[in-house]
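Colleague: got a predicted structure here, sequence first:
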2 protein chains.
Amino acid sequence: MTAPERSLRADARRNREAVLDAAAELFAQRGDAVQMDEIAERAGLGVGTLYRHFVDKRALLAAIIGRRFEAITTLARAADEAQDPWVAFETLLYGYLESAEADAAFRFALLGPEEPSWNDIAAEKTDFSAITERIVRRAVDAGRLREDFRADDFVLITRGAMANMTGAGAWRRHVTLVLEGIRGPEL
Amino acid sequence: MTAPERSLRADARRNREAVLDAAAELFAQRGDAVQMDEIAERAGLGVGTLYRHFVDKRALLAAIIGRRFEAITTLARAADEAQDPWVAFETLLYGYLESAEADAAFRFALLGPEEPSWNDIAAEKTDFSAITERIVRRAVDAGRLREDFRADDFVLITRGAMANMTGAGAWRRHVTLVLEGIRGPEL
DNA sequence: CCTGAACCTGAACTCCGGTTCCGAATATAT
DNA sequence: ATATATTCGGAACCGGAGTTCAGGTTCAGG
């Protein structure tokens, strides 16, 4: 995880933070497309410094994504707190998607193939999955989700919504359709 | 459209065809990721020849995508022939998605942002949209699709499905969920 | 057949963005 | 205050992928 080892020189710690902040901002806006030089400039540092703190561009990206994943996990935990199973489900779903909407890097990680390099995140991911599973089960048991709904389907739905995050809030319409079903009144 | 102008030398026409075939095959498999040298090799030609026939990699890609778009338009026309509006709709939907599944380049064009360079295809696209619109209207009028269903929603659904074209036929599950709706029996 | 135009080849070139590296700058311990 | 280990800066480096171009080759018309 490129751990923030103990005992970094004061300036080093400060710079590390600056890098992380700059990267978070830029990656959130344009995902993988931002280049190292940009991040360095925005952080007011030289590129070399980025590489002192993160082996790779990938490692930096992973650090950022890791953060978002923690956030989302917290959010999921909160959602699970809701007494109403449907509220819990909707809270999770929309929370997840709104995060994705706000962060291109997050989307990048979620939509792309399973990079083995995201290993750092594996733990958080497992955590999140467990909570999702529980929330889904609750909603199913309460009859608010069709019986055969599985946690994997949550992934399907979110991927689908994320694919519609172009411009205006089209993805909300997509989710609405999914939630209500598109079949008409007859039959 | 990099039109196949009249009067190409015999070998030139033959080579052009070879390029197109090689490109179609490779682009279908790996989308934008294939490189010019690969295409040249597979076609048994030098890279220079590719550039004699297509200004750009983009132009070559566009040519390929144009083909698929013609095919899909034909398919749509056929679907519209069905007497049953729902059959027409389903035929269109699955035909479209199966094409997308079989062709990464097609997916690339459909999922990416509106490249102004795809201008070549604009005509076909308009055509296709018109047919889709008609098919959707028919299904709505027959009460098989919810009243407020719009042609734009077709795009939403297909984008969603395409985002789930990773590995096994997950996208079919996705479409099933969308079609049937995910809400359970209670309310 | 001969000849010129059209065409082909593929090594070389260009551009781009990640990564390296070492002298200069800075922090911390003594 | 000095010494020494860390850290920083950013020009230079490098590899990859698209694109070009100076010959050599092939077609087609006379």
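Modeller: Noted; the coordinates are in hand.
Colleague: for the residue in chain A that DNA strand D sits nearest to, give me the backbone phi and psi.
Modeller: As assessed by CB to the nearest atom of the strand, DNA strand D sits closest to residue A:48 within chain A, at 1.7 Å. Bear in mind the C-beta positions are built from the backbone N, C-alpha and C, glycine included. Backbone torsions of residue A:48, given as degrees, to the nearest 10, read phi -50, psi -40.
Colleague: again, but for residue A:145
Modeller: The phi/psi pair for residue A:145 (degrees, to the nearest 10) reads phi -120, psi 150.
Colleague: which SSE is the residue most central in space within chain A in?
Modeller: Centroid-nearest residue in chain A, with CA atoms, centre = their mean: residue A:106, separated by 4.3 Å. Under the criterion of DSSP states H and E, residue A:106 resides in helix A:104-111.
Colleague: would you mind writing the CA trace of that helix as CSV?
Modeller: C-alpha atoms of helix A:104-111 as CSV (Å, rounded to 0.1, in the frame of the first residue of the first chain):
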residue,chain,number,x,y,z
ALA,A,104,-13.4,9.4,-12.7
ALA,A,105,-10.6,7.4,-11.2
PHE,A,106,-13.1,5.5,-9.1
ARG,A,107,-15.0,4.7,-12.2
PHE,A,108,-11.9,3.7,-13.9
ALA,A,109,-11.1,1.2,-11.3
LEU,A,110,-14.6,-0.1,-11.2
LEU,A,111,-15.2,-0.4,-14.9
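Colleague: is any part of stretch A:102-119 close to chain B?
Modeller: Yes - judged by CB under 8 Å from any CB of the partner chain, stretch A:102-119 and chain B are in contact via A:111, A:113.
Colleague: quick one: end-to-end length of that stretch, please.
Modeller: The straight-line separation of the ends of stretch A:102-119 (CA to CA, to the nearest Å) is 23 Å.
Colleague: for stretch A:179-187, what is the average pLDDT?
Modeller: Averaged across stretch A:179-187, the pLDDT comes to 58.
Colleague: buried set for stretch A:113-122?
Modeller: By neighbour count with 16 or more other CB atoms under 10 Å in any protein chain shown, stretch A:113-122 contains the buried residues A:118, A:120, A:121.
Colleague: could you tell me how far the residue nearest to the centre of chain A is located from DNA strand C?
Modeller: Distance from residue A:106 to DNA strand C, counting by CB to the nearest atom of the strand, to the nearest Å: 18 Å.
Colleague: okay, and the closest residue to that residue other than its chain neighbours sits in which element?
Modeller: With CB to CB, 6 or more residues apart in numbering or on different chains as the criterion, residue A:106 has its nearest non-adjacent residue at 4.6 Å, and that residue is residue A:68. Secondary structure from DSSP H and E places residue A:68 in helix A:57-81.
Colleague: hmm, that helix in reach of DNA strand D?
Modeller: No - using CB under 7 Å from any atom of the strand, helix A:57-81 stays clear of DNA strand D, with a minimum separation of 13.4 Å.
Colleague: list the buried ones in that helix?
Modeller: By neighbour count with 16+ other CB under 10 Å, helix A:57-81 contains the buried residues A:57, A:59-69, A:72-73, A:75-76, A:79-80.
Colleague: mind listing what the residue of chain A closest to DNA strand D touches?
Modeller: Residues near residue A:48 by CB atoms under 8 Å, 6 or more residues apart in numbering or on different chains: none.
Colleague: and the residue lying closest to residue A:156 once chain neighbours are set aside, how far from residue A:78?
Modeller: Using CB to CB, 6+ apart and skipping the chain neighbours, the partner closest in space to residue A:156 is residue B:174 (4.5 Å). Counting by CB to CB, to the nearest Å, the gap from residue B:174 to residue A:78 is 27 Å.
Colleague: and if you look at residue A:176?
Modeller: From residue A:176 to residue A:78 the distance is 23 Å (CB to CB).
Colleague: check residue A:46 too.
Modeller: Distance from residue A:46 to residue A:78, by CB to CB: 40 Å.
Colleague: count the residues that sit near the residue in chain A that DNA strand C sits nearest to.
Modeller: Nearest to DNA strand C in chain A, going by CB to the nearest atom of the strand, is residue A:35, at a distance of 2.9 Å. Residues contacting residue A:35 under the criterion other CB atoms under 10 Å in any protein chain shown number 13.
Colleague: what do you get for residue A:150?
Modeller: Residue A:150 has 14 neighbours, counted by other CB under 10 Å.
Colleague: right, and it touches residue A:132 too?
Modeller: No - if you go by CB atoms under 8 Å, residue A:150 and residue A:132 don't touch, sitting 10.4 Å apart.
Colleague: residue A:159 contacts residue B:164, correct?
Modeller: Yes - Residue A:159 lies in contact with residue B:164 (CB under 8 Å); the separation is 5.3 Å.
Colleague: list residues touching both of those two?
Modeller: When contacts are counted by CB under 8 Å, 6+ apart, residue A:159 and residue B:164 have residue B:174 as shared neighbours.
Colleague: quick revisit: who touches the very next helix or strand once past the helix holding residue A:106?
Modeller: With elements assigned by DSSP H and E, the helix or strand that comes after helix A:104-111 is helix A:122-141. Helix A:122-141 is contacted by residues A:66, A:69-70, A:72-73, A:76-77, A:79-80, A:85-86, A:88-89, A:92, A:118, A:145-147, A:149-151, A:153-154, B:184 when judged by CB under 8 Å, 6+ apart.
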